[in-house]
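[1] Below is the sequence, then the predicted model.
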Amino acid sequence: MEELNEADMLSFSPLMRSFTFNAFMVSGFTPISPGSKLDFFIHRPNGMKGYMMNLTLKGKGIIHHANGEFHCQEDEMLLFPPGVIHHYGRAKESIAWDHLWIYFIPRPYWSDWLRWDHKQGDIGRMRLPDHAHSQQMIQLFKEVISSNAVGASLPEAMAMNALERIILKAFQLQPASNRHNRDPRIQTVCDYIIEHLPEDTRIEELASMTFLSTSRLTHIFRKEMGTTIYGWREQLRVSRACDLLRYTQLNVTQVARAVGYEDPLYFSRVFSQHNQLSPRDYRKKFEQAPLF
């Protein structure tokens, strides 16, 4: 991706455009200096439905939480989980707080990777270890922001890919002693389901590739993932359907078949159970999303 300079980044700032958070991903750049248009505190007492990830480029921010407050500085990343209070702004003594941010609804299989070891008030904190890691992370944030702004299906997919790399790299930087290690047999099953999502893969097939009985596989999978194999696959299919409805022109029948449902009526029932909206109403919701 072509490198974005400071002037380019301003086009992804709240100074230059409005944002809606009624989407799977929203991203931008917020430059704050004393007395500037953006020099005010964000306050969302109930947090947000999705996650917010933040990377400080310059200066210092102050983050308030239920039990106190802390400062974030250059090369520090923050992760606000759903429902956690958002109350932050430029630290009074700082000449700036320039930061990159991404709001996103995670894919179901990202859940393990969004567990950070160091938290304050349920807000994840991580200091990037060196200049090389900082530059790599900044470049990935910029890739998400610029691709996400295009609004076409391929750039949106590229933005999601870059976001997944950010999440993975952040997870890799968590202390290995505290990291949740998934059973490799379950990871094999998850990877296969993801790669063959539209296919009607049977549990017997999955059991044979892990050299487990079907009962043993289903027991271990539920213990590791907190749901059944078919339940987890259904979550993935619905998540993928949401992307297709949001970013492509495929009709509902085509979307249903693309994620593994031959019966569009059954697909609509499943989709509605997960989203409290029919596929058509879900698409309309994003087409008519108000500006934030």
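    It's in.
[2] okay, CA-based contacts and neighbour counts for the rest of this
    Fine.
[3] Regarding the closest residue in space to Arg165 that isn't next to it in sequence, what is its secondary structure?
    Nearest residue to Arg165, sequence neighbours excluded (Cα to Cα, 6 or more residues apart in numbering): Leu140, at 7.7 Å. Three-state assignment for Leu140 (DSSP: H, G, I helix; E, B strand; the rest coil): helix.
[4] For Met225, see how far away Trp232 is.
    Going from Trp232 to Met225 by Cα to Cα, to the nearest Å gives 8 Å.
[5] quick one: the strands in the chain?
    Ranges of strands within the chain are 25-30, 42-44, 51-65, 68-73, 76-80, 86-90, 97-104, 119-120, 123-127, based on DSSP state E.
[6] can you redo the ones you listed as JSON lines with distance to Asp191, mean pLDDT and mean neighbour count?
    Converted to JSON lines, those look like this (distance: least, Cα to Cα, whole Å; pLDDT from 0 to 100; neighbours: other Cα atoms under 10 Å):
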{"stretch": "strand 25-30", "distance to Asp191": "23", "mean pLDDT": "88", "mean neighbour count": "23"}
{"stretch": "strand 42-44", "distance to Asp191": "36", "mean pLDDT": "93", "mean neighbour count": "13"}
{"stretch": "strand 51-65", "distance to Asp191": "24", "mean pLDDT": "96", "mean neighbour count": "21"}
{"stretch": "strand 68-73", "distance to Asp191": "36", "mean pLDDT": "95", "mean neighbour count": "15"}
{"stretch": "strand 76-80", "distance to Asp191": "26", "mean pLDDT": "97", "mean neighbour count": "22"}
{"stretch": "strand 86-90", "distance to Asp191": "34", "mean pLDDT": "96", "mean neighbour count": "21"}
{"stretch": "strand 97-104", "distance to Asp191": "22", "mean pLDDT": "94", "mean neighbour count": "22"}
{"stretch": "strand 119-120", "distance to Asp191": "29", "mean pLDDT": "90", "mean neighbour count": "14"}
{"stretch": "strand 123-127", "distance to Asp191": "27", "mean pLDDT": "94", "mean neighbour count": "19"}
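[7] Run through the residues that contact the residue nearest to Arg165.
    162-163, 165-166 (Cα atoms under 8 Å, 6 or more residues apart in numbering).
[8] so where's this protein uncertain?
    1-23, 150-154, 176-181, 286-292 (pLDDT under 70).
[9] Dig out what Arg125 forms beta bridges with.
    Leu78 (DSSP bridges).
[10] quick one, domains of the chain?
    Here the domain parsing of the chain from automatic domain parsing is 6-177, 184-287.
[11] For Ala159, give its distance to Ile145.
    According to Cα to Cα, Ala159 stands 7 Å off from Ile145.
[12] same deal with Thr201?
    For Thr201, the distance to Ile145 - Cα to Cα - is 36 Å.
[13] quick revisit: now, of the contacts of Leu140, which are buried?
    162-163, 166 (16 or more other Cα atoms under 10 Å).
[14] of the residues you listed, closest to Lys285?
    If you rank these by distance to Lys285 using Cα to Cα, Leu163 comes first, at 23.6 Å.
[15] In this structure the closest one contacts Ser146, no?
    No: with contacts defined as Cα atoms under 8 Å, Leu163 does not count as touching Ser146, sitting 11.9 Å away.
[16] Find the nearest non-adjacent residue to the most far-flung residue of the chain relative to its centre, please.
    Of all residues in the chain, Ser213 has its C-alpha farthest from the mean position, at 34.3 Å, by Cα atoms, centre = their mean. Nearest residue to Ser213, sequence neighbours excluded (Cα to Cα, 6+ apart): Ala207, at 5.8 Å.
[17] List the residues that contact the one you found.
    Ala207 neighbours (Cα under 8 Å, 6+ apart): 213-214, 217.
[18] With distance to Lys284 added, can I get those in TSV?
    Listed next are the contacts of Ala207 as TSV, based on distance: Cα to Cα, whole Å:
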residue	distance to Lys284
Ser213	45
Thr214	41
Leu217	40
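[19] In helices, which of these appear?
    214, 217 (DSSP state H).
[20] Just the closest of the contacts of Ala207 to Gly89, please.
    For those, the nearest to Gly89 is Leu217 (48.1 Å; Cα to Cα).
[21] give me the number of residues near that closest one?
    22 (other Cα atoms under 10 Å).
[22] so where do the helices sit in the protein?
    Using DSSP H, helices in the chain cover 6-10, 131-150, 153-172, 184-195, 203-210, 214-225, 229-247, 252-258, 264-275, 279-287.
[23] right, so of these, which gets closest to Val26?
    helix 131-150 (7.3 Å).
[24] And the closest one, what's buried?
    Those would be 134, 137-149, for helix 131-150 by 16+ other Cα under 10 Å.
[25] Right, I'll call it a day here.
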